[in-house]
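In: just a sequence and a predicted model for now, questions to come.
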Amino acid sequence: MTTTMQRDLFQPEQPNHPETGLFAEVVFDRPLDHAYSYAVPEELRTALAVGKRVLAPFGRGDRPTIGYCVGVHQTEPGRAVKSLAQVLDEEPLLTDHLLRLTRWMADYYLCGWGQVLNAVIPSGAKDRSGTRAASFVEAIPESELPAERPALTKKQEAVLEVMRRSEHPIELRQLARQAHCGPGPIEGLVQKGYARRESRRLDVFQDTSEAPTAPEPIHPLSTDQAAVWNQLHPALQTGGFRAFLLHGVTGSGKTEIYLQAIEEMQRQGKEVLVLVPEISLTPQTIQRFKGRCRDVAVLHSHLGNAERGGHWRRVAHGQVQVVVGARSAVFAPTRRLGLIIIDEEHENSFKQEATPRYHARDVAVMRARLENIPILLGSATPSLESWHNAHRGQYTLLSLPRRVLDRPLPPVGLIDMRHEKPRRFQALSDELEAAIRTALRDGGQVMLLLNRRGFSTHIHCPTCGHVEQCRYCDLSLTYHREQNMLLCHYCGYETAPTVQCPQCGKTQVRYQGLGTEKLQTEIEERFPGYVVRRMDSDTMKKPGSHARVLGAFRRGLIHILLGTQMIAKGLDFPNVTLVGVINADVGLHVPDFRAAERTFQLLSQVAGRTGRGPHGGRVLVQTFTPDHPAIALAGTHDYLGFVHSEMAHRRTHNYPPFQRLIRLIIRGEDQQETGEFAERLAGTFQTALANLKPASEGPPEVRLLGPAEAPVFRLKGYHRYHFQLQSASAGLLHQLVRTVLPTLRPPSGVEFTLDVDPFNML
Ligand code: ADP
Ligand code: ZN
């Protein structure tokens, strides 16, 4: 209190401009949860609007700082306030709906509103890249000209004639071209009062996304699809908030339902937002949307600033009917949104792993609620969170339990690798190898999944046990043969491969463990004469590379496509008659309560890539744990069975969806200091917990787990500790965090992050 008063006393005098009695509420890109009031000077009164960025004196030394105006009012703040310095935008960057949505996000994800706004608005929209300033001129009508007017030159007369023939203001450049003159005569007309000039910004961006390759056929709905449609359609017609969970096995025709829902909205003149996991991985899906709908804008991660800004403005000006995009498209500034669709709602990529750590599905549900419109979540393997919501009646469950055209789901064979003879340098079991041969001989195509990139994933010394690790992380390095480097997949650290053990110096280190690069070598050796291609983040760096490889695969130019989970998503290739999973256990044994769910989802997804054509298809899964529910039940396409088994486990351990989690990660370069702060922070939470009044007798309503070293203790050179708060009540968790956080500040060099509903547990 006293400090602010003193600061006010010593403030240099504000420049003396007339005030308007108006005040602006401004938030900054800081982890602060409140807005600051500023007086609005007269000269900014007309330019200022809610949703625009402003420049305002802020922080130490009152540096002019960019903030967002989130409110304008006439209530005297009751203390001296500073004045706004500048308004930065010509048009508001945000709609009212988006303001409310981002406000909610700041509350829910426990970060600053300004942080959310700054992250949500693409920089191409802020810096107006993709536009240029242009001068427009227009003739003033005869009737408005004064009786006494200056005489014109011949040239000026001619230009005025051209100008008068145009119904709209003409851009200066264009007029000069049409009238065969330089800027001089036009300038003269403006000065003599015959014409007026205005400046506008023109869009110069080019939409570089592909045009639709073929129109998407309209299918008469199957019986199952018709049943789903009959439940969905009335809600689309009446509008109003309602959430649907569409559980449909792979190839059951979910996309057809999305398309018909979009068409219904287009009939009503409303916009639709479609969120998909990662655009570059789903070129086929995009083509299907473009092949059926008008005015589709596709937002993806390879867009440049100008293009992103261009799309943002087209959406904001109502020129787009369907927005298809990944996570951040949930913030598209539509004006007449009628429906939100989320395809593959279970996908991890909807969770953002940087502040604000939001989940696009959850934000989308809140957006639908705020805009009072329906939302449709679709998946073959819904997340347990969404399933739980359907189960307790928050979402309406819609089911497509069968594939279209009576196509069966492919049979899945599990190959128990414990019974395979150990052969040191071989990834394929005899059974899988034979199946590949048969499939190729019969003219089919093969997909092989190995969810680990690189050549060797484990580089160790057989004598002393040394394992090659990252210098900055507690993670082992992977050998990449094409680059001839050892790489850390977390921080990007790279070092030259070693031959001698750096620890004991005695023996040669061994390069073991299988990655996609080594798998490719093995497959090429065993199947000479067949074209093999690999899809992983190493081979797919260039924009458009997915589309190229998938295009070649579709045309039959590739016989075997192998890769990481990238090949598992949304692809529909009728000629794939065999899918092989090299090691189903890769993701199963990580310390994360969602490991089983992810494994089940991945296996179900990749199995869904086959049996989509007249030749049928099958799946072979190599595993060391064939009895694990995630693997055994994926083998029988038993989603409900898996949910049943996994829900029991989650309930026992108080994990989501039964309880909410907030994870706190404390990191710093100095191990001791970081550890001590983690202890102190957790201690403060313990005390606050003890003071929370339990609503009834019984187990505590909030539990604290930890603090402990994070599973990856050292990451990017930081030591990391973490702890978790668990509760069935999100409200209680938030309340607790809000009481504790303002009381503690980390020492310099130590920082902490809050992750509400965390996905990454490492
Ligand atoms: P999902 O999205 O559930 O995986 P899709 O919508 O991709 O399923 O449908 C699988 C295939 O079946 C696509 O090629 C699609 O064009 C086709 N399809 C969808 N609905 C029908 C239908 N009612 N009759 C015939 N074919 C259909
Ligand atoms: Zn590293």
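Out: Sure thing, it's come through. Ligands and ions are numbered 1, 2, ... in the order given.

In: Gly61: neighbour count?
Out: 6 (other CB atoms under 10 Å). For the C-beta atoms, the positions are set from N, CA and C on the backbone; glycine is no exception.

In: just give me the neighbour total for the residue in the stretch 1-150 of the chain that ligand 2 sits nearest to.
Out: Per CB to the ion, Ala119 is where the stretch 1-150 of the chain lies closest to ligand 2, at 25.2 Å. Here the number of neighbours of Ala119 (other CB under 10 Å) works out to 19.

In: residues in contact with the nearest residue to Thr478 once chain neighbours are set aside?
Out: Nearest non-adjacent residue to Thr478, counting by CB to CB, 6 or more residues apart in numbering: Gly454, 3.7 Å away. Neighbouring residues of Gly454 by CB atoms under 8 Å, 6 or more residues apart in numbering: 478-480, 487, 489, 515-518, 538.

In: what's near enough to touch the residue of the stretch 1-150 of the chain closest to ligand 2?
Out: Ala119 touches 354-356, counting by CB under 8 Å, 6+ apart.

In: what sits closest to the residue minimising distance to the centre of the chain if chain neighbours are left out?
Out: Central residue of the chain (CA atoms, centre = their mean): Arg327, 2.6 Å from the mean position. Using CB to CB, 6+ apart and skipping the chain neighbours, the partner closest in space to Arg327 is Ala360 (4.3 Å).

In: hang on, that neighbour packs against Gln352?
Out: Yes. Ala360 is in contact with Gln352 according to CB atoms under 8 Å; the separation is 7.4 Å.

In: with neighbour numbers in mind, choose between those two.
Out: Ala360 (24 against 17).

In: can you give me the neighbour number for the one residue in the stretch 51-200 of the chain that gets nearest to ligand 1?
Out: Ligand 1 sits closest to Leu101 of the stretch 51-200 of the chain, with a gap of 28.0 Å, by CB to the nearest ligand atom. A count of neighbours around Leu101, defined by other CB under 10 Å, yields 22.

In: before we move on, what about His649?
Out: Neighbour number of His649 under other CB under 10 Å is 13.

In: next, the buried residues of the strand or helix carrying it.
Out: Per DSSP states H and E: His649 is located in helix 639-652. Buried positions in helix 639-652, judged by neighbour count with 16 or more other CB atoms under 10 Å: 639, 642-643, 645-647, 650.

In: columns pLDDT on top of those, output as TSV?
Out: As requested, the buried residues of helix 639-652 are exported to TSV (pLDDT from 0 to 100):
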residue	pLDDT
Tyr639	97
Phe642	98
Val643	98
Ser645	97
Glu646	97
Met647	97
Arg650	96
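
In: return the member of the residues you listed nearest to Tyr721.
Out: Arg650 (24.8 Å; CB to CB).

In: so that closest one makes contact with Trp387?
Out: No. At 11.0 Å, Arg650 and Trp387 do not qualify as touching, with contact defined as CB under 8 Å.

In: got any residues that touch both of these two?
Out: Pro657.

In: picking up where we left off before, strands - which of the contacts of Gly454 land there?
Out: 478-480, 487 (DSSP state E).

In: among the residues you listed, which one has the most neighbours?
Out: Neighbour-wise, those (other CB under 10 Å) top out at Tyr479, 25 neighbours.

In: and the buried residues of helix 639-652, which two are the farthest apart?
Out: Greatest spatial distance among the buried residues of helix 639-652 (CB to CB): Tyr639 and Arg650, at 15.5 Å.

In: picking that back up, and of the buried residues of helix 639-652, the nearest to ligand 1?
Out: Distances from ligand 1 to those, taken as CB to the nearest ligand atom, are shortest for Tyr639 (13.3 Å).

In: which strands or helices does the helix or strand hosting Pro711 pack on?
Out: In the assignment (DSSP H and E), Pro711 maps to strand 702-715. Packing contacts for strand 702-715, counted by 3 or more CB pairs under 8 Å, 6 or more residues apart in numbering; DSSP states H and E, involve strand 660-668, helix 671-691, strand 718-727, helix 730-740.

In: and the helix or strand hosting the residue of the stretch 51-200 of the chain closest to ligand 1 with helix 730-740, angle?
Out: In this structure, Leu101 sits in helix 96-108 according to DSSP H and E. Put simply, helix 96-108 runs at 70 degrees to helix 730-740, going by axes from the mean of the first three to the mean of the last three CA atoms, to 10 degrees.

In: ok, back up a step: out of the contacts of Ala119, which is nearest to ligand 2?
Out: Among the contacts of Ala119, and counting by CB to the ion, the member closest to ligand 2 is Ala354, at 17.6 Å.

In: that closest one: what's it in contact with?
Out: Ala119.

In: ignoring the adjacent residues along the chain, who's closest to Thr539?
Out: Ser545 (7.1 Å).

In: where does the residue nearest to Thr478 fall, phi/psi-wise?
Out: phi 100, psi -170 (degrees, to the nearest 10).

In: look at it and report its pLDDT.
Out: Looking at Gly454, its pLDDT reads 93.

In: for the stretch 101-250 of the chain, which residue gets nearest to ligand 1?
Out: Counting by CB to the nearest ligand atom, the stretch 101-250 of the chain gets nearest to ligand 1 through His219 (3.4 Å).

In: picking that back up, can you read off the pLDDT for the residue nearest to Thr539?
Out: Reported pLDDT for Ser545: 87.

In: and it, how far is that from Met761?
Out: Distance, Ser545 to Met761, by CB to CB, to the nearest Å: 31 Å.

In: likewise for Met647?
Out: Taking CB to CB, one finds Met647 at 19 Å from Met761.

In: tell me the spatial nearest neighbour of the residue of the stretch 501-650 of the chain found nearest ligand 2, not counting adjacent residues.
Out: Residue nearest to ligand 2 within the stretch 501-650 of the chain: Ser537 (15.9 Å; CB to the ion). Once flanking residues are discounted, Ser537 sits nearest to Arg453: 6.4 Å by CB to CB, 6+ apart.

In: can you name the residues that contact the one you found?
Out: For Arg453, the contact set (CB under 8 Å, 6+ apart) comprises 478, 480, 489, 515-517, 536-538, 564.

In: filter those residues down to just the buried residues.
Out: Neighbour counting with 16+ other CB under 10 Å marks 478, 480, 489, 515-517, 536, 538, 564 as buried within the contacts of Arg453.

In: nearest to Gly749, of the residues you listed?
Out: His489 (26.6 Å).

In: just confirm the closest one contacts Ser476, I think it does.
Out: No. Using CB under 8 Å, His489 is not in contact with Ser476; the gap is 9.5 Å.

In: which neighbours do Ala360 and Gln352 have in common?
Out: Counting by CB under 8 Å, 6+ apart, the shared contacts of Ala360 and Gln352 are Arg327.

In: what is the burial count for the closest residue to His653 other than its chain neighbours?
Out: Spatial nearest neighbour of His653, excluding adjacent residues (CB to CB, 6+ apart): Phe593 at 6.9 Å. The local packing of Phe593 (other CB under 10 Å) involves 14 other residues.

In: does Phe593 sit in a helix, a strand or a coil?
Out: Using DSSP: H, G, I helix; E, B strand; the rest coil, the structure places Phe593 in coil.

In: from ligand 1, how far out is it?
Out: Distance, Phe593 to ligand 1, using CB to the nearest ligand atom, to the nearest Å: 28 Å.
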